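S.K.: the amino acid sequence is not available; the structure is as follows:
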């Protein structure tokens with residue numbers, strides 16, 4: 001039923017919201033430590049925040065100084081990666097590069113003591129050697145952002161950075177940004193989503209961006225947890241809407257049943273009509289079957305903040321046949337129960353009727369076979385009402401016999417000859 005679909009979706013929504021808002025995206029403590037490390041490093045090298053823009057050597061030192069703290073935060077948050085991007089040059093002589101550090105956990109479910117499960121995606125060779133970390137096959141020395149702000153794959157850096165520079169974001173609680181899926185290193189590297197926040201110095205000036213990564217496989221595993229998706233009852237759709245629910249762009253999905261009703265390249269979910277009580281209907285792109293959805297907004301962005309128009313939602317979906325199968329099953333049980341009750345009633349009525357009729361039949365047979373020249377004697381049935389009827393018949397029979405006897409005695413005493421004739425209408 002729709003209420004059961006909503007209940008199942010709400011359970012998943014509560015766990016997902018807790019992870020996204022309180023666990024995965026928790027960076028406050030790390031930001032404070034990073035700010036202190038950066039400030040101490042600048043003082044040690046007799047530099048200031050303005051030098052970050054042009055000093056690649058300084059930025060390499062900053063990246064190496066904060067790397068250990070970033071790894072600790074990634075372990076605690078149970079994310080698949082963490083990064084920092086300084087708003088300054090990454091490689092000497094290459095002004096289009098940005099300095100920073102990006103590490104990925106290839107096995108987020110376990111923590112290896114020797115960090116053998118960590119691979120560096122962005123960072124200079126001296127940094128990776130100092131930390132004893134493995135190099136990812138797609139490793140680059142620095143960050144590059146081809147096409148700048150016009151390329152949506154660069155949003156994880158430019159959205160929080162520019163929102164803060166433009167004064168749209170007022171503090172770290174309101175300027176964090178959740179990206180839509182993209183590939184850090186091209187199509188072969190797998191899609192990820194990120195959460196990133198700007199880094200401010202003590203004067204409120206932005207000098208970089210810090211963030212975490214969640215790869216799509218990890219998110220799918222989270223959504224697949226639980227009976228609803230695992231047993232193929234339905235599926236989950238994690239998406240984002242910027243038009244108040246007219247369309248939902250797909251982030252990822254959970255449950256194999258999604259693939260039964262939607263194609264792999266379907267990027268947008270379009271309801272057939274506006275949501276009513278957070279309920280929607282969509283049409284399958286594979287067989288035109290109607291799919292019902294329960295929509296739960298995640299409310300990752302507070303109202304009137306930089307990214308408030310981008311509303312993330314979790315939608316639990318179930319096809320019409322499965323959704324109402326329980327209703328049809330209950331209806332069938334009611335019909336079966338009614339038929340069984342009717343059949344039982346008929347049997348009981350038949351048995352009861354026979355039990356009542358049988359004594360009456362015996363009583364009638366007693367009357368038919370009684371000798372009119374002898375006193376009437378009727379068999380007792382054991383049924384009070386029928387026995388009362390038999391007693392009434394016997395009483396009436398005795399009264400008739402007594403009346404006939406009195407008349408006979410009177411005639412004899414009078415000495416009158418009497419002739420008696422019987423007239424029957426059914427004889428000639």
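M.R.: Ah, there it is. Everything numeric in this text was worked out from a predicted model, so none of it was measured.
S.K.: before we move on, what SS does residue 15 have?
M.R.: Reduced to three states with DSSP: H, G, I helix; E, B strand; the rest coil, the structure at residue 15 is helix.
S.K.: again, but for residue 58
M.R.: Per three-state DSSP, residue 58 ends up helix.
S.K.: list the residues that contact it.
M.R.: 42, 45, 47, 51-52 (CB atoms under 8 Å, 6 or more residues apart in numbering). Backbone N, C-alpha and C define where each C-beta goes, glycine included.
S.K.: pick out the most distant pair among those.
M.R.: Spanning the widest gap among the contacts of residue 58 are 45 and 52, at 11.3 Å by CB to CB.
S.K.: compare those two (neighbour count), which wins?
M.R.: More crowded of residue 45 and residue 52, by other CB atoms under 10 Å: residue 52, with 22 against 14.
S.K.: and that one, which of the three is it?
M.R.: helix.
S.K.: and the residue lying closest to it once chain neighbours are set aside, what's its pLDDT?
M.R.: Spatial nearest neighbour of residue 52, chain neighbours left out: residue 88 (3.9 Å); criterion: CB to CB, 6 or more residues apart in numbering. For residue 88, the pLDDT comes out at 96.
S.K.: neighbours around residue 88, how many?
M.R.: Neighbourhood size, residue 88 [other CB under 10 Å]: 23.
S.K.: so where does it fall, helix or strand?
M.R.: Using DSSP states H and E, residue 88 maps to neither a helix nor a strand.
S.K.: do I have it right that it meets residue 54?
M.R.: Yes. Counting by CB atoms under 8 Å, residue 88 touches residue 54, with 6.7 Å between them.
S.K.: closest one of the contacts of residue 58 to residue 217?
M.R.: Using CB to CB, residue 52 is the member of the contacts of residue 58 that lies nearest residue 217, at 34.6 Å.
S.K.: what about residue 383, neighbour count?
M.R.: Neighbours around residue 383, by other CB under 10 Å: 16.
S.K.: check the one 5 residues further on too.
M.R.: Residues near residue 388, counting by other CB under 10 Å, number 10.
S.K.: report the secondary structure state of it.
M.R.: Residue 388 ends up helix, using three-state DSSP.
S.K.: give the buried residues for stretch 68-82.
M.R.: Using 16 or more other CB atoms under 10 Å as the test for burial, stretch 68-82 gives 69-71, 73-74, 77-82.
S.K.: among those, which are in helices?
M.R.: 69-71, 73-74, 77 (DSSP state H).
S.K.: where do the helices of the stretch 251-400 of the chain begin and end?
M.R.: 257-261, 320-323, 325-369, 384-414 (DSSP state H, counting those that start in this stretch).
S.K.: comparing the ones you listed by mean pLDDT, which bottoms out?
M.R.: Among the helices of the stretch 251-400 of the chain, helix 325-369 carries the lowest mean pLDDT (a mean of 63).
S.K.: burial count for residue 125?
M.R.: 11.
S.K.: how about the nearest residue to it, chain neighbours excluded?
M.R.: The nearest residue in space to residue 125 (CB to CB, 6+ apart) is residue 141, at 7.3 Å.
S.K.: pretty sure the one you found contacts residue 121?
M.R.: No. Residue 141 lies out of contact with residue 121 (CB under 8 Å); the separation is 10.8 Å.
S.K.: one step back: need the buried residues of stretch 68-82 in JSON lines (columns: pLDDT).
M.R.: Formatted as JSON lines, the entries for the buried residues of stretch 68-82 read as follows, by pLDDT from 0 to 100:
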{"residue": "69", "pLDDT": "95"}
{"residue": "70", "pLDDT": "96"}
{"residue": "71", "pLDDT": "94"}
{"residue": "73", "pLDDT": "95"}
{"residue": "74", "pLDDT": "95"}
{"residue": "77", "pLDDT": "92"}
{"residue": "78", "pLDDT": "92"}
{"residue": "79", "pLDDT": "95"}
{"residue": "80", "pLDDT": "95"}
{"residue": "81", "pLDDT": "96"}
{"residue": "82", "pLDDT": "97"}
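S.K.: just flag the most distant two among these.
M.R.: Maximum pairwise distance in these, criterion CB to CB, is 17.9 Å, between 69 and 80.
S.K.: okay, and for the stretch 51-200 of the chain, where does confidence drop off?
M.R.: Scanning the stretch 51-200 of the chain for pLDDT under 70 picks out the ranges 166-174, 187-188.
S.K.: please tell me how far residue 242 sits from residue 248.
M.R.: Separation of residue 242 from residue 248 (CB to CB, to the nearest Å): 10 Å.
S.K.: give the bridge partners for residue 281, please.
M.R.: residue 292 (DSSP bridges).
S.K.: tell me the contacts of residue 226?
M.R.: 8, 11-12.
S.K.: and it, how far is that from residue 320?
M.R.: 22 Å.
S.K.: between residue 141 and residue 121, who's got more neighbours?
M.R.: Between residue 141 and residue 121, residue 121 has the larger neighbour count (other CB under 10 Å), namely 21 against 18.
S.K.: mind checking the SS state of that one?
M.R.: Secondary structure for residue 121, judged by three-state DSSP, is strand.
S.K.: what's the closest non-adjacent residue to it?
M.R.: residue 102 (4.3 Å).
S.K.: shouldn't that neighbour be in contact with residue 74?
M.R.: No. Counting by CB under 8 Å, residue 102 sits too far from residue 74 to count as a contact (10.6 Å).
S.K.: mutual contacts of these two, please.
M.R.: Contact with both residue 102 and residue 74 is made by residues 81-82, according to CB under 8 Å, 6+ apart.
S.K.: secondary structure class for residue 85?
M.R.: From three-state DSSP, the assignment for residue 85 is strand.
S.K.: how many neighbours does it have?
M.R.: Neighbour tally, residue 85, other CB under 10 Å: 26.
S.K.: ok, it - contacts?
M.R.: 98-100, 143, 157, 208-210.
S.K.: most neighbours among the residues you listed, which one?
M.R.: Neighbour-wise, those (other CB under 10 Å) top out at residue 99, 29 neighbours.
S.K.: if I look at that residue, how far off is residue 90?
M.R.: Taken as CB to CB, the span from residue 99 to residue 90 is 4 Å.
S.K.: common neighbours of the two, please.
M.R.: The contact sets of residue 99 and residue 90 overlap at 56, 59, 142-143 (CB under 8 Å, 6+ apart).
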